[in-house]
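In: Based on what follows, work out the 3D shape:
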Amino acid sequence: MTYTSIDQIFNDFNNLKVLIIGDVMVDAYIWGAIDRISPEAPVPVVRATKRDYRLGGAANVALNIDALGAKPILCAIIGEDDTADKLKGRLVERGMATEGLVSSAGRPTTVKTRIISGHQHVVRVDEEVDKEISGADEKQLMARIDELLPKVDVVVFEDYDKGVITKKIIKHTVELGQKHNIPTVVDPKKRHFLSYKGVTVFKPNLKELKEGLKLDFDKQDQPAIEKAVDTLIDKIECDGALITLSERGVYVKYNGEAHLIPAHMREISDVSGAGDTVISLVALAVALKLSPYMVAALSNLGGGLVCEHVGVVPIDKEELKKEAEKQNWL
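Out: Model (predicted):
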């Protein structure tokens, strides 16, 4: 379909289903006040006044997909623990699907607890296992993918290197997507960087691109970036790649087109979660078969907008739509 308005695009987001495969986690926050030093050790004592549990990792991508009006379906391994109950509770509160979650007695649900006093981040405590999932868990997850993938419009691999995404799951899912003509998009990490052969769009940031290909060049060297992207596309035989360049914007090479989209000038408060917003918009734009320029431009705009907010927050669809309508894209 050829779109003639931003309104049409945003309305059609509402018709999409997205399968998100990856590492889910709970972001826990404890707020409090520091008014003394512990007598047991020279450390501050935080008197807790508030506690919150939020969706993190691949679950934050689901949150962004949901905020954009599409239906996210998380496919991931969780533990048989209180944290898993909290994660599922947050999904249910937002009316989001839980049928893709596989419970495992052998792994805890990842939780990252941040202790904050005033505006000061005092310490973070991570409770996680990052070894690859067991063969039994892998088999269960692939069975869930087999069941859910044919019903969706696009698949997102959200890889945080916590061990849920394995080479076997990648190969199996990509082949199944190709069989059903369903595109696959990837937000990668280091462990399986070059394992995503045959995906539709691959979205690393510049640091991940350089580390994944074992290259070193200046971040301002655009010819070197473009050469690295060509190398990446050849190596993993993908249809295209979108590279986030931080304050320089994004570079996309996809379906025979290449574009460098400058970042929008704005007040940056926090870059946390921006990558989750970008991959969410890439997925929806690819599912709607938007042009490579529009895939990159929309994703770039959305990633910039969430950076204006403190903390990890999902994109505001109406805010993004208003900003997009100001652009001369269509």
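In: In contact with Lys168: list those residues for me.
Out: Contacts for Lys168 (CB atoms under 8 Å, 6 or more residues apart in numbering) come out as 138, 142. To be clear about C-beta, it is placed using only N, CA and C from the backbone, and glycine gets the same treatment.
In: Am I right that it falls within a strand?
Out: No: according to DSSP: H, G, I helix; E, B strand; the rest coil, the state of Lys168 is helix, so it is not within a strand.
In: tell me the pLDDT at it?
Out: Per-residue pLDDT puts Lys168 at 98.
In: Which residue of this protein lies farthest from its centroid?
Out: Pro39 (42.4 Å; CA atoms, centre = their mean).
In: So what does the residue positioned nearest the centre of the chain have for phi and psi?
Out: The centre of the chain sits closest to Asp276, judged by CA atoms, centre = their mean, with a distance of 3.2 Å. Per-residue torsions, Asp276: phi -70, psi -40 (degrees, to the nearest 10).
In: now it: how far from Ala67?
Out: For Asp276, the distance to Ala67 (CB to CB, to the nearest Å) stands at 11 Å.
In: Could you do Met294 as well?
Out: Taking CB to CB, one finds Met294 at 19 Å from Ala67.
In: out of those two, which sits in the busier spot?
Out: Counted by other CB atoms under 10 Å, Met294 and Ala67 do not tie: Met294 has more neighbours, with 21 against 18.
In: so what's that one up against?
Out: Per CB under 8 Å, 6+ apart, neighbours of Met294: 9, 285, 329.
In: switch to 10 Å and redo it
Out: Listed by CB atoms under 10 Å, 6 or more residues apart in numbering, the contact partners of Met294 are 3, 6, 9, 252, 259, 285, 288, 324, 327, 329-330.
In: Strands of the protein, residue ranges please.
Out: For the chain, applying DSSP state E gives strands covering 17-22, 24-37, 44-57, 71-79, 101-104, 110-117, 120-127, 154-158, 184-187, 201-202, 240-244, 250-254, 257-261.
In: I'd like these laid out as a markdown table, including mean neighbour count, mean pLDDT and distance to Glu175.
Out: Shown next, in a markdown table, are these (neighbours: other CB atoms under 10 Å; pLDDT from 0 to 100; distance: least, CB to CB, whole Å):
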| stretch | mean neighbour count | mean pLDDT | distance to Glu175 |
| --- | --- | --- | --- |
| strand 17-22 | 25 | 98 | 14 |
| strand 24-37 | 18 | 94 | 24 |
| strand 44-57 | 16 | 93 | 25 |
| strand 71-79 | 25 | 97 | 16 |
| strand 101-104 | 19 | 97 | 20 |
| strand 110-117 | 19 | 94 | 28 |
| strand 120-127 | 12 | 92 | 34 |
| strand 154-158 | 28 | 98 | 12 |
| strand 184-187 | 28 | 98 | 10 |
| strand 201-202 | 28 | 98 | 17 |
| strand 240-244 | 24 | 97 | 19 |
| strand 250-254 | 24 | 97 | 21 |
| strand 257-261 | 16 | 97 | 26 |
